[in-house]
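Novice: quick one, what's the 3D model for this:
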Amino acid sequence: MPKPRVIQSPKQLLVEGRDAEAFFHPFLESMGVSGVQIQNYGGIDELAPFLKQFVLSPQYRHLPVVSIGIIRDAERNPQDAFRSVCSALRGAGLPVPSKPLALAAGLPQTCVYILPDEESQGMIETLLLRAVSDDPAFECVDEYLECVVQATGVEPRPRDKARFLTFLASRPNIKPLTGYAARAGYLNFSSPAYDRLKEFIRSL
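Specialist: Predicted coordinates:
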């Protein structure tokens, strides 16, 4: 499990894994948002112990931390994902929101965003694919993967990760890294697909 970094901002954004962390730095920059520190809490099972360590940090109360946003992949069930985050918040003695995107008042206030949204299965790559769905190369992605399935009998899993990496292979400079793709301008930060996520970020 990653250890919480030294808290340097009263606004904290906790994200799932290194790929998400690499994405959110340029994403917040593109929004003109500053003063929000991004922390990687690791995998979905590591959020609860991460939060317990996080609230014990000396800076947590001395700053103090006034806002915590938590982002997690829905995976197979967005409702279960939200309940899992709420359980982790409760276990750390933090305010628990009533639903995704709702602010839970307190010091700090908390808010939860489930990727790609609170009603759909999927992950961060699912949202990124929505943002590039009008790219000319996009229609080739599923054709390629279907060809792979027909040729090998093997279904790439998770499907949206495979689709996202296939899309990145269409770019002029190929690096299968979310952070690189974000900084290279491949992920279309102006897409309406990000509107609710931007709303969440601005609420912190």
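
Novice: okay, CA-based contacts and neighbour counts for the rest of this
Specialist: Will do.

Novice: for the protein, what helix or strand is lowest in average pLDDT?
Specialist: Here the helix or strand of the chain ranked lowest by mean pLDDT, DSSP states H and E is helix 178-183, holding a mean of 90.

Novice: so what's the residue count around residue 184?
Specialist: Counted with other Cα atoms under 10 Å, residues neighbouring residue 184 total 13.

Novice: same deal with residue 22?
Specialist: By the criterion of other Cα under 10 Å, residue 22 has 20 neighbours.

Novice: is it in contact with residue 183, as I believe?
Specialist: No - contact criterion Cα atoms under 8 Å: residue 22 and residue 183 do not qualify, at 9.2 Å.

Novice: which helix or which strand is home to the residue of the chain positioned farthest from its centre?
Specialist: Within the chain, residue 151 marks the point farthest from the mean C-alpha position, 33.1 Å out by Cα atoms, centre = their mean. If you go by DSSP states H and E, residue 151 is part of helix 138-152.

Novice: so the protein: which segments form each domain?
Specialist: Annotated domains of the chain cover 11-122+190-202, 124-175 [automatic domain parsing].

Novice: return the most buried member of these.
Specialist: Sort the domains of the chain by mean neighbour count, taking mean count of other Cα atoms under 10 Å, and domain 11-122+190-202 sits at the top with a mean of 18.

Novice: rewinding a little: give the contact list for the residue farthest from the centre of the chain.
Specialist: Under the criterion of Cα atoms under 8 Å, 6 or more residues apart in numbering, residue 151 has no contact partners.

Novice: which non-adjacent residue is nearest residue 60?
Specialist: Of all residues not flanking residue 60 in the chain, residue 7 sits nearest, at 6.8 Å (Cα to Cα, 6 or more residues apart in numbering).

Novice: separation between the one you found and residue 147?
Specialist: For residue 7, the distance to residue 147 equals 48 Å [Cα to Cα, to the nearest Å].
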